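> Just the structure for this:
(one chain, ligands or ions: 1)
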Amino acid sequence: MTESMEQYIRSLVEKSVQGVLADGTINSSRRKLVIGNWKMNMSIEESALLFEGLRGEEQACDVAVCPPFPLLYPVKVMLAQFQDSIALGAQNMHWAEKGAHTGEVSAAMLKELDCRYVILGHSERRQAGETDEEVNLKVKQALAAGIQPVLCVGETKDEREQGRSGEVVVSQLHAGLDGVEDVSSAVVAYEPVWAIGTGLAATPEQAQDVHRTIRETLANQYGASAASGVPLLYGGSVKPDNALSLAVMDDIDGALVGGASLNAVDFKGVIDGFTRG
Ligand code: PGA
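Residues are numbered from 1 along each chain as shown. Sure thing, here's the model as predicted:
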């Protein structure tokens, strides 16, 4: 990045410096986790505006944002103002360590930018051809690099109508975690495909039902104590007005938020719901 680009980012950040969020050092073991998935949205300037709107509030909730690759570095610079209370994540990575993979990004590259999370197996990527086997290789590579994989699982509308939600999710979970011995750094996101970007969120009961299945599956494989430590996020049309009702469910530990993570008012609303839930 040229010096002038870095200055530009810093000048956007410095436009209003009052009321920085509270420190992020509070013990996170019982805190909810809200991750914003920006998908292929946002510019440098829009990112700065979003963070300007997030300032000045104490969060009792862990928060992360996953910008597109070109925005990772600018956003990393902007996040310094939040003293680590908002973490950085990426939306994908390649499973290989390095090499001839044009257009791809490695775990080491994400780690160098301090990415704490990487979303893996999102349904939009599965629809573009990503297989369970590839997702599994990526999960293992992320863990090896010290990045927390956010493993996405979820059924389609047809699969739900056939009563196969649990079966599909368990199979994706087993495949995604195949060969993973220590699950303590993993995050699982239940994202029913029919609820993503449709405004038609799962009801809290529908989501809780699948989350319990995920928790039980993890408990069978890794033991109850390890399973209870894995954050299970719900994703799919999470908005300020449904966040609290989802957050109060026993096995819903947070949210993976698409559309509502792109502006400060909605993202704050969701964070607020999960902080209270
Ligand atoms: P949405 O997306 O909140 O816009 O439905 C969620 C996601 O795909 O992660």
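
> Do any residues in stretch 258-277 lie close to the ligand?
Yes - using CB under 6 Å from any ligand atom, stretch 258-277 reaches the ligand at 258, 259, 260. To be clear about C-beta, it is placed using only N, CA and C from the backbone, and glycine gets the same treatment.

> What ranges does the stretch 1-150 of the chain have for its helices?
Counting by DSSP state H, counting those that start in this stretch, the stretch 1-150 of the chain has these helices, from start to end: 3-14, 44-54, 72-79, 107-112, 123-127, 132-145.

> nearest to residue 192, of those helices?
For the helices of the stretch 1-150 of the chain, the distance to residue 192 is smallest for helix 123-127, at 8.7 Å, taking CB to CB.

> tell me which residues of that closest one are tucked away?
The neighbour-count check on helix 123-127 (16 or more other CB atoms under 10 Å) flags 123, 124, 125, 126 as buried.

> now stretch 185-200
Residues 185, 186, 187, 188, 189, 190, 191, 192, 193, 194, 195, 196 are the ones in stretch 185-200 that count as buried (16+ other CB under 10 Å).

> and what of stretch 209-216?
Applying a neighbour-count criterion of 16+ other CB under 10 Å, the buried positions in stretch 209-216 are 209, 210, 211, 212, 213, 214, 215.

> doesn't residue 96 make contact with residue 134?
No - counting by CB atoms under 8 Å, residue 134 does not reach residue 96; the two are 10.8 Å apart.

> need the contact list for the residue in the stretch 151-277 of the chain positioned nearest to the ligand.
As assessed by CB to the nearest ligand atom, the ligand sits closest to residue 258 within the stretch 151-277 of the chain, at 2.3 Å. By CB atoms under 8 Å, 6 or more residues apart in numbering, residue 258 lies in contact with 37, 39, 196, 197, 235.

> Adding pLDDT and distance to the ligand as columns, could you present those residues in JSON lines?
Converted to JSON lines, those look like this (pLDDT from 0 to 100; distance: CB to the nearest ligand atom, whole Å):
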{"residue": "37", "pLDDT": "98", "distance to the ligand": "4"}
{"residue": "39", "pLDDT": "98", "distance to the ligand": "7"}
{"residue": "196", "pLDDT": "96", "distance to the ligand": "4"}
{"residue": "197", "pLDDT": "94", "distance to the ligand": "4"}
{"residue": "235", "pLDDT": "98", "distance to the ligand": "4"}
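
> low-confidence ranges in the chain?
1-3, 13-30, 57-59 (pLDDT under 70).

> Residue 144: neighbour count?
Residues within reach of residue 144, counting by other CB atoms under 10 Å, total 11.

> now residue 133
Applying other CB under 10 Å, we find 12 other residues in the vicinity of residue 133.

> Please apply the same query to residue 78.
By the criterion of other CB under 10 Å, residue 78 has 24 neighbours.

> Isn't it up against residue 45?
No - using CB under 8 Å, residue 78 is not in contact with residue 45; the gap is 10.9 Å.

> all strands for the protein, in order.
Taking DSSP state E as the criterion, the chain carries its strands at 33-37, 62-66, 86-90, 115-120, 148-153, 187-190, 232-235, 254-257.
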